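Enquirer: This is the structure alone, sequence omitted:
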């Protein structure tokens, strides 16, 4: 049995469209998880027109996800940070204050699209930050970093239902510790910027946490919890996330780079992080929604 989920921006999912797709695919009853925003139906087999339908619905601002019905509600969330749980790339924000913003953003974009080796690209970008005062980190956190919409509800709802949450980033611990604490992650892993006498040295501690380290985190944490990788919902947007996205039971490419979308199991381009709750069958009425300002 498979479940098809349709997700759009609030108020924009046409009931007639959802009904038409259900009828075309011979699905079961249409269940609205949120009126005019998210709906789902079950079906016995994968439709031959799934890829074509996905592309057509993308043009209409609707995300289409098909996954096995069994085991959709996950016991663990494994999340990237930059451009996933927050709306920015922290290293790009630091670079803006260092006066090398354009140069670093170009390298970041190419690295996240898989065009550059992640470790080499990180070393190059961090090198351009050498000489910045350590205080710039708190300045960036206070004025330039905002949470991705839906993240607080995602964490609160999954944790209220017994899930474990880990933030695993190719970014820096200076940021993940704040984001993890703000959103309620159980643990966080990231790279460490080296600082000497209150100044960024332009170097990062080794070993560098990249694609393989995110997979290792998946393996280590599931083993510690006594759960399987199928019990994990992973989310990210960059090429260094692909390993964990492909290994997790549900690997979601969220507003991801084209090369990442092409290789990910599940794709969300129009919804926010609450889409990950709809994918698990949670209705909006079941969301736990703590008040959380967008600023970290």
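Expert: Done, it's in. Quantities reported herein were computed from a predicted structural model and do not represent experimental measurements.
Enquirer: other SSEs contacting the helix or strand harbouring residue 155?
Expert: Element membership of residue 155, judged by DSSP states H and E, is helix 151-160. Under the contact criterion of 3 or more Cβ pairs under 8 Å, 6 or more residues apart in numbering; DSSP states H and E, helix 151-160 touches strand 76-79, strand 164-172, helix 173-183, helix 275-278. C-beta coordinates here come from the backbone N, C-alpha and C atoms, glycine included.
Enquirer: Tell me which stretches of the stretch 1-150 of the chain form helices.
Expert: 15-24, 50-58, 90-98, 101-112, 118-127, 135-143 (DSSP state H, counting those that start in this stretch).
Enquirer: now for the fifth one, which elements pack on it?
Expert: In terms of contacts (3+ Cβ pairs under 8 Å, 6+ apart), helix 118-127 is packed against helix 90-98, helix 101-112, strand 199-204.
Enquirer: between that helix and helix 90-98, how many degrees?
Expert: For helix 118-127 against helix 90-98, the angle by axes from the mean of the first three to the mean of the last three Cα atoms, to 10 degrees is 20 degrees.
Enquirer: quick check: mean pLDDT across helix 118-127?
Expert: Average pLDDT, helix 118-127: 88.
Enquirer: related to what we said a few turns ago, please identify which of the helices of the stretch 1-150 of the chain is closest to residue 250.
Expert: Closest approach to residue 250 among those (Cβ to Cβ): helix 50-58, 16.4 Å.
Enquirer: The closest one vs helix 15-24, what angle?
Expert: Computed with the same axes, to 10 degrees, the direction of helix 50-58 lies at 170 degrees from that of helix 15-24.
Enquirer: so what secondary structure elements neighbour helix 50-58?
Expert: strand 62-68.
Enquirer: picking that back up, now, of the helices of the stretch 1-150 of the chain, which is deepest in the fold?
Expert: Comparing the helices of the stretch 1-150 of the chain on average neighbours per residue, with mean count of other Cβ atoms under 10 Å, the densest one is helix 90-98 at a mean of 22.
Enquirer: Any chance you could list what contacts it?
Expert: Outside helix 90-98, the residues that touch it by Cβ atoms under 8 Å, 6 or more residues apart in numbering are 81-82, 101, 103-105, 108, 122, 125-126, 128-129, 131-132, 136-137, 139-140, 144-145, 171-172, 175.
Enquirer: Look at the residue lying farthest from the centre of the chain and report its pLDDT.
Expert: Most distant from the centre of the chain: residue 197, at 34.8 Å, with distances by Cα atoms, centre = their mean. Residue 197 is assigned 95 on the pLDDT scale.
Enquirer: go on, residue 209?
Expert: Listed pLDDT for residue 209 reads 86.
Enquirer: what's the spacing between it and residue 126?
Expert: 13 Å (Cβ to Cβ, to the nearest Å).
Enquirer: same question, residue 51
Expert: To residue 126, residue 51 is 40 Å away according to Cβ to Cβ.
Enquirer: What residues does the residue nearest to residue 241 when sequence neighbours are not counted make contact with?
Expert: What sits nearest to residue 241 in space, not counting adjacent residues and going by Cβ to Cβ, 6 or more residues apart in numbering, is residue 80, at 5.1 Å. If a contact means Cβ under 8 Å, 6+ apart, then residue 80 has 168-170, 214, 235-238, 241 as its contacts.
Enquirer: How far away from the center of its chain is the longest helix along the chain?
Expert: Across the chain, the longest stretch assigned as helix under DSSP state H is helix 211-225. How far helix 211-225 lies from its chain's middle: 16 Å, per Cα atoms, centre = their mean, to the nearest Å.
Enquirer: heads up, I number from 14, so please use that
Expert: Sure, I'll start counting at 14 from here, so that last one is helix 224-238.
Enquirer: Report the angle between it and helix 131-140.
Expert: Relative orientation of helix 224-238 versus helix 131-140 (the same axes, to 10 degrees): 110 degrees.
Enquirer: quick one: helix 224-238 to strand 177-185, angle?
Expert: Helix 224-238 and strand 177-185 are oriented at 160 degrees to each other (the same axes, to 10 degrees).
Enquirer: Show residues contacting helix 224-238.
Expert: Residues outside helix 224-238 that contact it (Cβ under 8 Å, 6+ apart): 88-89, 91, 93, 131, 177, 179, 181, 183, 200, 202, 220, 241-242, 244-245, 247, 249, 252-257, 260-261.
Enquirer: Thanks a lot, see you next time.
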